[in-house]
Each structure stands twice: as structure tokens, then as C-alpha cells.
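Q: from the sequence below, what's the structure:
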Amino acid sequence: MPIKTIPFIGLLLVCCHLTALAQSRSVSGLGRLEPDGGVIQVAGPSSGGASGSVIKELTVAEGEWVEKDQIIAYLDSYSLRKAEVARLKAIYVNANSELKRQKNLSLTSATSLMKLDQAIMSLDVAKADVAAAEARRDLAVVRSPMRAQILEIHAQPGERVGPEGILELGQTDRMYVVAEIYETDIALIEKGQAATVRVGAIAEPLTGTVDRISLKVGRLDILGTDPIAKTDARVVEVYIKLDNGEAVSGYTNMQVEVEIQI
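A: Residues are numbered from 1 along each chain as shown. Here you go, the predicted structure:
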């Protein structure tokens with residue numbers, strides 16, 4: 001009787017082993033760490049001479065968190081434009097007073113309709129001039145486009161803003177892995193699949209979930225240590241949201257190893 005049960009048990013173990021192998025299939029690749037939305041280069045306002053302008057004052061430091069629309073820098077033209085606003089506001093106040101005077105005189109027919117119309121037009125022009133001056137002044141103020149952490153500052157007070165912009169920031173409280181998956185394997189990847197990420201800077205591997213898949217194929221950008229690896233391979237970027245992103249919040253752009261369960 002025992003002799004007859006051995007083949008059955010062996011077959012059962014083989015089936016279980018094959019099932020486990022099928023369930024443990026995965027796709028591997030290299031990746032990089034980055035904040036949600038990537039690293040943002042803040043260059044300042046898009047017009048008004050921000051490119052090539054000189055930094056007058058920085059109100060933040062590397063590592064600090066800033067809120068959306070918080071002022072992070074003033075350009076060197078800020079003082080001049082602030083003074084222009086003050087001058088035009090004084091003209092506006094004078095034009096408003098003149099209009100009130102002309103309206104009072106019109107009640108006693110002591111002024112002409114033409115002078116009253118001129119006073120109204122002068123006030124409208126002064127109001128428009130103030131609005132334009134305030135817009136020019138705001139172009140000399142650099143604000144944060146989002147709530148994020150300052151990663152690196154490229155231009156200090158007294159320095160000219162270069163191609164790299166003023167500073168870089170990112171939402172490091174929500175870290176992602178951007179994995180480069182070969183185009184031949186991308187059909188196996190789906191949103192919601194579990195992933196394991198190994199980071200050289202920490203001992204324990206991290207876990208995450210495939211959040212989105214890029215819609216285009218590109219060249220391999222992250223090179224490993226394999227000397228015979230294909231450097232001209234075609235890959236698709238897969239974005240993996242980490243379950244514990246805080247553990248790697250200070251390692252933006254660090255290379256990692258990724259294994260996605262399929």
C-alpha cells in the first residue's frame with residue numbers, strides 16, 4: 001500500500017513546485033528613485049527678464065519644505081518695480097480725487113461735461129497703469145509652484161540665473177521608482193502589480209505597486225555593471241509607488257534594482 005502512494009505524493013509535490021514557480025514569475029530591471037511628479041526646476045517667471053536676471057534675495061534653504069505659491073526668491077528688478085507701483089498708485093489717488101471734484105462741480109453746473117469725461121478717463125487709465133505695474137512687479141517675485149522640498153539651489157543672491165534655473169524641488173513625501181523595462185517584457189506589466197525594490201543605501205528591500213506605465217518607448221538610460229549589457233536597448237518606463245517612500249526621501253536619482261511580480 002505505501003508503495004502505491006509514493007508516486008502520487010511525488011506527483012503532488014512536483015505539481016505544487018510548478019505552481020509555485022508559475023506564481024513567482026517576475027520581470028526585473030534597473031530603475032531610479034524620484035519624487036512624485038519628478039524633479040522640478042524653478043526658473044522664475046516666464047517673461048520680464050527672469051532668464052539672465054540676478055537673484056536679489058533667497059527666502060529658502062536646501063532641505064526646507066515650501067507651500068504652493070510661497071515666495072522663494074526676489075529678482076534684482078523687484079525694488080524698481082515696487083517703486084513704480086507706488087508712483088502710479090499716487091497718480092491713481094490724485095485722479096480719483098479729481099473725478100470726485102468734477103462730479104461735485106457738475107451738480108452746480110460749475111464744470112463742463114467734457115471735463116467730467118476727461119476725469120473719468122484719467123481715472124480709468126491710472127487704474128490700468130497700476131494693474132500693469134503690479135503685474136511687472138510680480139514678475140520679479142519667484143513663487144513655488146507646489147508644496148515640495150527644496151532639493152538643490154543653483155543661484156545664490158548676487159548670481160545670475162542660468163540654464164539650470166534658480167533651484168530644484170520635489171514632493172519627496174511621495175517617492176516613486178522609475179523602472180526601465182525592456183520592450184519585449186512590457187506586455188507582462190500591468191497596473192497594480194506588486195514590486196520589490198532593492199536600494200543599496202538601506203538593508204531591507206522596499207515594496208511598492210505599479211502605478212502607471214509610460215506610453216512611449218525610449219532608449220536605455222540607466223546602465224548597470226554588466227559589461228556586455230545592451231546599451232542601445234529599447235525600454236518603457238514603469239512608475240512604481242513605494243509603500244514606505246520616507247525611507248528613501250533623501251536619495252533622489254539613486255539607482256535601484258526592481259523586481260515586478262507578474
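Q: what segments of the protein are strands?
A: For the chain, applying DSSP state E gives strands covering 26-42, 55-58, 65-66, 71-75, 141-143, 148-153, 167-182, 194-199, 206-219, 234-242, 255-261.
Q: wait, V178 touches R32, no?
A: Yes. Between V178 and R32 there is a contact at 5.4 Å, judged by Cβ atoms under 8 Å. Every C-beta, even on glycine, is put in place using the N, C-alpha and C of the backbone.
Q: shared neighbours, these two?
A: Contact with both V178 and R32 is made by no residue, according to Cβ atoms under 8 Å, 6 or more residues apart in numbering.
Q: now the strands of the chain in TSV, with mean neighbour count and mean pLDDT?
A: Formatted as TSV, the strands of the chain follow (neighbours: other Cβ atoms under 10 Å; pLDDT from 0 to 100):
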stretch	mean neighbour count	mean pLDDT
strand 26-42	19	95
strand 55-58	17	95
strand 65-66	18	97
strand 71-75	20	96
strand 141-143	20	95
strand 148-153	20	97
strand 167-182	22	96
strand 194-199	19	96
strand 206-219	14	93
strand 234-242	21	96
strand 255-261	19	96
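Q: distance to M114 added to these, as a markdown table?
A: Putting the strands of the chain into a markdown table (distance: least, Cβ to Cβ, whole Å) gives the following:
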| stretch | distance to M114 |
| --- | --- |
| strand 26-42 | 51 |
| strand 55-58 | 46 |
| strand 65-66 | 53 |
| strand 71-75 | 44 |
| strand 141-143 | 41 |
| strand 148-153 | 56 |
| strand 167-182 | 55 |
| strand 194-199 | 77 |
| strand 206-219 | 64 |
| strand 234-242 | 67 |
| strand 255-261 | 76 |
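Q: closest one to N104 among the ones you listed?
A: Among the strands of the chain, strand 141-143 comes nearest to N104, with 39.9 Å by Cβ to Cβ.
Q: who's in contact with the closest one?
A: Applying Cβ under 8 Å, 6+ apart, the contact partners of strand 141-143 are 42, 44-45, 50, 69-75, 78, 166.
Q: closest to L215 among these?
A: Among these, and counting by Cβ to Cβ, the member closest to L215 is V42, at 26.7 Å.
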